[in-house]
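[1] Sequence and predicted structure are below.
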Amino acid sequence: MLTAYDAVSAALNFSNAAESFVLTGSVLTKKAKFTGCKSQTLQIILLSAFFSIIAILQPAAAGGPVYPLDPAPRTNVQSVAIFGEDDRQELPEKYSGLEGKIGMIYEPVSQTLCTAFCVAPDVVATAAHCLFQTKAAKLPAISSLSFRLDYGKVSTSSGLAGSRKGVEKNFVAVGTTKFNQEPPLSAPLDWALARLERPICSFGVLDVQPKSVTELAQATAEKKIFQVAYHWDYQHWKLAYSGACAVSRSFSLQWRAIQQHFSDSQDLVLHDCDTGGASSGSPILMDTPQGPVAVAINVGTYTRTRLFMRQGHVVKRMKPDVIANTGVNARAFKHIIDELKSAQILETPAEVQQLQVELKARALYKGNIDGELGRGTRNAIRQFEIMSGLAVTGLPTRKILQYISQNRERPEVNYSTVKAKRPN
């Protein structure tokens, strides 16, 4: 006998006149009889491209990284999310200037390839999972990550600031480093800003402009929304133009249901721009009289998978149905761009240790005093910034260290865990 479940693998609470749901472990069990015995799971398919085989490699620049020309797709990666006809095409002439503002990031250890775009001469925006999500059991080594721009016959590349000292993570602002593929989905937090070692965005930068749902809906109606990205299945790493596409709160599901599945859903942008592997981190753009502006970062695809289950076991899994592609509204990160490009970032483990000690003394940080900018330290910095009325960045800056040290609290910590010299 088949048992009916409606599984979203998280504690969602919703009901109607005919049905009610209760949480049983990590599965919501439906207390009602219905035919078809179908269940649904909702997940995010992240669109960073990584490869099992690289047949041909080519140097990006003298002394620079190598990039795959003909990547082979992996069977466990959704290669493309096309809505109706595949509208991807070469970049129209009127948008040719975007070529010098949108590039790719590549990390050779996990073989991660994503799109990224210039937001300052030495700062790029992309998806956080391109930098911090494990792929094939390998965590990206962002010390070896490189951002590359190709504009006409000119190619240039740069690593991340701090990579020569092993503190490159300190120069990255990020929405999250924890990526849930089950509710609550982390797509609205999946953004990153990274400062480059060299200011190679000399061809210009994209203006980042947060827009309201109403403004995006109006731009959709006027056919002013589009996307430009790299795709591993499109023309040997030429930028692809999506054509006009739509941003909406509701696609095949209504917003009331959708928002329950996401963390920070107020920053979620759902769109139907055609995407493919390596398009994670690409800008969702809006035409304005002053030219295209970036209104969001593309990060993944929102899917629904129907399951047939018997006695708690999946007996058949249907092909996932694509609901929409997902993005992060620019308001989530716009305020951090100027801070990152001008801030004095802590560049030694000893300085980060000092900051951790101060955060721990205020019961904001519970981890080890190790000088590493991990998830706990970032969250503690954010909490301190909120408490102090500062711009929330999560960055380990000299300004934060000085500010937190002004009213120093003698910490109750065991200094045997601190590698640096014990403070006087």
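    Perfect, I can see it now. For clarity, every value in this text was computed on a predicted model and none was experimentally measured. Numbers count the residues shown, from 1 in each chain.
[2] Who are the contact partners of Leu340?
    Contacts of Leu340 were listed using Cβ atoms under 8 Å, 6 or more residues apart in numbering, and they are 120, 123, 171, 173, 193, 195, 393, 395. All C-beta spots, glycine's among them, are computed from the backbone N, C-alpha and C.
[3] could you redo the last one with a cut-off of 10 Å?
    With contacts defined as Cβ atoms under 10 Å, 6 or more residues apart in numbering, Leu340 is in contact with 119-120, 122-123, 161, 171-173, 193-195, 333, 393, 395, 397.
[4] quick check, nearest of those to Gly243?
    The closest of the contacts of Leu340 to Gly243 turns out to be Val119 (Cβ to Cβ; 24.0 Å).
[5] As CSV, could you dump the C-alpha coordinates of the helix or strand hosting that closest one?
    Assigned by DSSP states H and E, Val119 falls within strand 112-120. Below are the C-alpha coordinates for strand 112-120, written out as CSV (Å, rounded to 0.1, in the frame of the first residue of the first chain):
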residue,chain,number,x,y,z
THR,A,112,34.3,25.8,-10.0
LEU,A,113,33.3,28.2,-12.7
CYS,A,114,30.8,31.1,-12.2
THR,A,115,30.0,34.5,-13.6
ALA,A,116,30.8,37.6,-11.7
PHE,A,117,30.6,41.3,-12.4
CYS,A,118,32.5,44.5,-11.6
VAL,A,119,30.8,46.8,-9.0
ALA,A,120,34.0,48.9,-8.2
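[6] can you pull the buried residues of it?
    For strand 112-120, a neighbour-count test (16 or more other Cβ atoms under 10 Å) marks 112-120 as buried.
[7] now the residues you listed as CSV including pLDDT and distance to Gln402?
    Supplementary listing: those in CSV, determined by pLDDT from 0 to 100; distance: Cβ to Cβ, whole Å:
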residue, pLDDT, distance to Gln402
Thr112, 86, 36
Leu113, 90, 39
Cys114, 94, 35
Thr115, 96, 36
Ala116, 98, 31
Phe117, 98, 32
Cys118, 98, 30
Val119, 98, 26
Ala120, 98, 24
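[8] Whichever helix or strand comes after the strand holding Val119 pairs with which strands, and in what direction?
    Note on strand 112-120: by DSSP H and E, the next helix or strand toward the C-terminus is strand 123-126. Pairing partners of strand 123-126, with direction, according to DSSP bridges: strand 112-120 (antiparallel), strand 192-195 (antiparallel).
[9] buried set for the last one?
    The reference is to strand 192-195. Within strand 192-195, the residues that qualify as buried by neighbour count (16+ other Cβ under 10 Å) are 192-195.
[10] going on from that strand, what's the next piece of helix or strand?
    helix 213-221.
[11] what packs against the next helix or strand after that next one?
    On the C-terminal side of helix 213-221, the closest following helix or strand by DSSP H and E is strand 225-229. Helices and strands touching strand 225-229, by 3 or more Cβ pairs under 10 Å, 6 or more residues apart in numbering; DSSP states H and E, are strand 102-107, strand 112-120, helix 213-221, strand 240-241, strand 268-271, strand 275-276, strand 283-286, strand 293-310.
[12] Walk me through which strands strand 225-229 pairs with, and which way each runs.
    Strand 225-229 has these partner strands in its sheet, going by DSSP bridges: strand 240-241 (antiparallel), strand 283-286 (antiparallel).
[13] Quick check: closest non-adjacent residue to Glu358.
    Leaving out its chain neighbours, the residue that sits closest to Glu358 by Cβ to Cβ, 6 or more residues apart in numbering is Ile404, at 4.6 Å.
[14] how about low-confidence regions in the chain?
    When residues are selected by pLDDT under 70, those of the chain lie in 1-80, 136-137, 407-424.
[15] Kindly present the helices and strands packed on strand 225-229 as CSV, with separate columns for distance to Gln227.
    Shown next, in CSV, are the helices and strands packed on strand 225-229 (distance: least, Cβ to Cβ, whole Å):
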stretch, distance to Gln227
strand 102-107, 10
strand 112-120, 9
helix 213-221, 13
strand 240-241, 8
strand 268-271, 8
strand 275-276, 7
strand 283-286, 5
strand 293-310, 6
